[in-house]
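In: Here is my input, please return the structure:
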Amino acid sequence: MIVELLDINLATTTTVGDLVTAINGMTNASASINASGKIVITAAGANSVAFNEMSSAVTVGSETKGASDFLGLNDFFTSAKEYDDYQTAFQSSNSTSLSIAGTLTFHQASFGTTAVAYTTGNSLSDIATAINANATLSTAGITASVIADGTGYRLRVNDNGADNFFVTDTSTFVSSQNLKPRDPGTSDAG
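Out: Numbering: from 1, shown residues only. Down below sits the predicted model:
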């Protein structure tokens, strides 16, 4: 039996904070963000919460997920994937120009947003250096490194405090280099 229904429009509910506020407007449910940065939805009394994502879509990097999958709701099987550790696909060189230019924008609750520009002459190592030179990211504990992986390399960006962050791109670095969250405990092939 449905006790209460809330239809959330993701076109106008653009942040997790907006989602929490919308849910907190309900009579029989409440929401909060815990210390790990995860959303917690609680039903009042003996009620339960169900989440139907319908046609919702949330895009982070090169992945698009339904809202319930993105928020980790209604998951029968879950993994330890977090958004505090990203890496690119395998690259044969850490010093060859990637021949693309744009801006990576980092989003995190502690600082809002900050941008890191990259130019057509930049390599994986150059982009790691630019990320590490950003004072806002450095203060937040977000660092980048190029790691050797067999006979090639990957760019790895992580938050040493395990705080979730997101990366958006004005060009094609995220998609062409397949920058995505690492999934601990699973293969990093590709």
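
In: who touches the residue lying closest to Ser176 once chain neighbours are set aside in this structure?
Out: Spatial nearest neighbour of Ser176, chain neighbours left out: Ile100 (6.5 Å); criterion: C-beta to C-beta, 6 or more residues apart in numbering. The C-beta positions use only the backbone N, C-alpha and C, and glycine is treated the same way. Ile100 makes contacts with Tyr118, Thr120, Ser171, Thr172, Phe173, Ser176, as judged by C-beta atoms under 8 Å, 6 or more residues apart in numbering.

In: mind checking pLDDT for Glu82?
Out: Model confidence at Glu82, given as pLDDT, is 69.

In: From Gly37, how far out is the residue nearest to the spatial centre of the chain?
Out: The centre of the chain sits closest to Phe166, judged by C-alpha atoms, centre = their mean, with a distance of 3.6 Å. To Gly37, Phe166 is 11 Å away according to C-beta to C-beta, to the nearest Å.

In: And for Thr143?
Out: When distances are taken as C-beta to C-beta, Thr143 and Gly37 turn out to be 18 Å apart.

In: what about the closest residue to Val16 other than its chain neighbours, neighbour count?
Out: If you skip the residues right next to it in sequence, Val16 has Ile39 as its closest partner in space, 6.0 Å away by C-beta to C-beta, 6+ apart. The number of residues packed around Ile39, counting by other C-beta atoms under 10 Å, is 17.

In: do Thr13 as well
Out: Around Thr13 sit 17 other residues, with neighbours defined as other C-beta under 10 Å.

In: Renumber starting at 53 from here on
Out: All set: I'll call the first residue 53, so the last point we hit is now Thr65.

In: which one is it nearest to, not counting chain neighbours?
Out: Taking C-beta to C-beta, 6+ apart, and ignoring the residues beside it in sequence, Thr65 has Leu71 as its nearest neighbour in space, at 5.4 Å.

In: In this structure that neighbour contacts Ile60, no?
Out: Yes: at 6.5 Å, Leu71 and Ile60 qualify as touching, with contact defined as C-beta atoms under 8 Å.

In: that older thread, who wins for most neighbours among the contacts of Ile152?
Out: Phe225 (23 neighbours).

In: Might one say that it is in contact with Thr157?
Out: No: at 11.3 Å, Phe225 and Thr157 do not qualify as touching, with contact defined as C-beta under 8 Å.

In: In contact with Asn186, which residues?
Out: Asn186 makes contact with Phe158, Thr166, Val168 under the criterion C-beta under 8 Å, 6+ apart.
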